[in-house]
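A.B. asks: structure here, sequence nowhere to be found:
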């Protein structure tokens, strides 16, 4: 595939960690030595890129300690131009466009999610290595220039899957029965107290979340809320009305769209979902998919078509790491045609349930803290952006998430 010129320019700017268009004059992407003149660095396209972009994975080689997937792992010189034969531009396109997912014939999980072990990075045990950020450092070492500094941005995000457990007749009866059977993590008194006020319900932890978030005043806080009045699937329940008294107590919070589980199979509902959230007083154009059930890469344009500008879904629920190979936000790229999309993808550094859920990593608090701080420290080392996801429903007395979240905020401070 020949990349469109704007996509190629974007990838070069991304690798240079620069928004300045003039920086692209540092790098030529050509195999023709007559076109090297005037460029400090030339990257040679991999003549077999169309072949190596197919699964099974390209065979990984090594150059200066870096994993190389495309081209040859060597550097030469042509006059004043350094010539890099490792095609890191093809690899950048491959990762940012989720090309492995687009081209894979491997089975998805029960939620139609691409599995990390079937990805290029997961299959090579490189998910916790932000190789695109390593490539950036390598380029500047070749050029013998300092890498531009960027300010890390921190997003403290919370998905509101449910506002209350026991306020509805169904929730109350279910909670009561579970308590009588000794299977409710909440005490029986909580079930009855929730009837008096939504603030008494164990799921209503927004005051605690706000108190912890306020410890880091420079962070951007986002609550992702489900739309109402939209067809839904079983795993979208429980739903809540934006007109309900409980939800109205939250409308002062900055809110983005938590698109429904149903969306994956019915993306035509996205515009209606965006519309319901756009009526809220503090809405934004941010998005995260329920269950991290993000659309396939060749359909990502449907998000931007619906008015979404930023997505925060890019992580694997079952494996930590950097799904796109970077700690930095990047533009979405359609792998089917190489087109750059008006949608920014923000790496999800970690999700609370990924750490603790028995279906995923099943870590205790000490193990979760060690892994989480390692991901945070790696992100800050490469001046990337941190996005933490902690659900309001995770802060139950029987779970360690409130304690862990507080510890991670203190670590960031």
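C.D. replies: It's in. Being a predicted model, the structure only gives us computed values, none of them experimental.

A.B. asks: if I pick the closest residue in space to residue 4 that isn't next to it in sequence, what's in contact with it?
C.D. replies: In space, and not counting its chain neighbours, residue 4 is closest to residue 338: 5.3 Å by Cβ to Cβ, 6 or more residues apart in numbering. The way it works is simple: take the backbone N, C-alpha and C, and place the C-beta from them, glycine included. Counting by Cβ atoms under 8 Å, 6 or more residues apart in numbering, residue 338 touches 1-4, 7, 93, 97.

A.B. asks: I'd like the next helix or strand past the helix-or-strand element of the chain with minimal mean pLDDT.
C.D. replies: Sorting the helices and strands of the chain by mean pLDDT, DSSP states H and E puts helix 49-52 at the bottom, at a mean of 50. For helix 49-52, the following helix or strand on the C-terminal side (DSSP states H and E) is strand 61-63.

A.B. asks: partner strands of that following strand, parallel or antiparallel?
C.D. replies: strand 66-68 (antiparallel) (DSSP bridges).

A.B. asks: work out the gap between the strand it pairs with and the centre of the chain.
C.D. replies: Chain-centre distance of strand 66-68: 23 Å, with Cα atoms, centre = their mean, to the nearest Å.

A.B. asks: hang on, the earlier thing: just the buried ones from the contacts of residue 338, in ChimeraX syntax?
C.D. replies: To isolate the buried ones among the contacts of residue 338 in ChimeraX, judged by 16 or more other Cβ atoms under 10 Å, type:
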select :3,7,93,97
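
A.B. asks: out of the contacts of residue 338, name the ones that lie in helices.
C.D. replies: When DSSP state H is applied, those are split such that 7, 93 fall in helices.

A.B. asks: and the contacts of residue 338, which is the shakiest by pLDDT?
C.D. replies: pLDDT across those is lowest for residue 1, at 61.

A.B. asks: low-scoring pLDDT stretches of the stretch 51-200 of the chain, where are they?
C.D. replies: Across the stretch 51-200 of the chain, the ranges flagged by pLDDT under 70 are 51-58, 166-167, 169, 171-177, 179-180, 188, 190-193, 195.

A.B. asks: how about the helices in it?
C.D. replies: 88-96, 99-103, 120-123, 131-143, 169-180, 188-193 (DSSP state H, counting those that start in this stretch).

A.B. asks: looking at the contacts of residue 338, which two lie furthest apart in space?
C.D. replies: Maximum pairwise distance in the contacts of residue 338, criterion Cβ to Cβ, is 14.2 Å, between 2 and 97.

A.B. asks: any idea how far residue 247 lies from residue 199?
C.D. replies: From residue 247 over to residue 199 the distance is 13 Å, taken as Cβ to Cβ, to the nearest Å.

A.B. asks: of those two, who's got more company?
C.D. replies: Neighbour tally, residue 247 and residue 199, criterion other Cβ atoms under 10 Å: the higher count belongs to residue 247, 18 against 14.

A.B. asks: which non-adjacent residue is nearest that one?
C.D. replies: The shortest distance from residue 247 to any non-neighbouring residue, by Cβ to Cβ, 6+ apart, is to residue 240 (5.6 Å).

A.B. asks: that neighbour contacts residue 249, doesn't it?
C.D. replies: No - in this structure, residue 240 is not within contact of residue 249 by Cβ atoms under 8 Å, at 11.8 Å.

A.B. asks: compare these two (neighbour count), which wins?
C.D. replies: Legend: neighbour count by other Cβ under 10 Å for residue 240 and residue 249, higher for residue 240 (19 against 16).

A.B. asks: give me phi/psi at that one?
C.D. replies: Torsion angles at residue 240 (phi, psi; degrees, to the nearest 10) stand at phi -140, psi 150.

A.B. asks: with residue 403 instead?
C.D. replies: Backbone geometry at residue 403, expressed as degrees, to the nearest 10, gives phi -60, psi -40.

A.B. asks: and it, how many neighbours?
C.D. replies: Using other Cβ under 10 Å, residue 403 is surrounded by 12 other residues.

A.B. asks: so what's it closest to, chain neighbours aside?
C.D. replies: residue 365 (6.5 Å).

A.B. asks: let me see the contact set for that neighbour.
C.D. replies: 400, 403-404.

A.B. asks: relative to residue 355, how far out is it?
C.D. replies: Distance, residue 365 to residue 355, by Cβ to Cβ: 9 Å.

A.B. asks: how about residue 299?
C.D. replies: For residue 299, the distance to residue 355 - Cβ to Cβ - is 29 Å.

A.B. asks: which one of these two is surrounded by more residues?
C.D. replies: Shown here are residue 299 and residue 355; by other Cβ under 10 Å, residue 355 has more neighbours (23 against 15).
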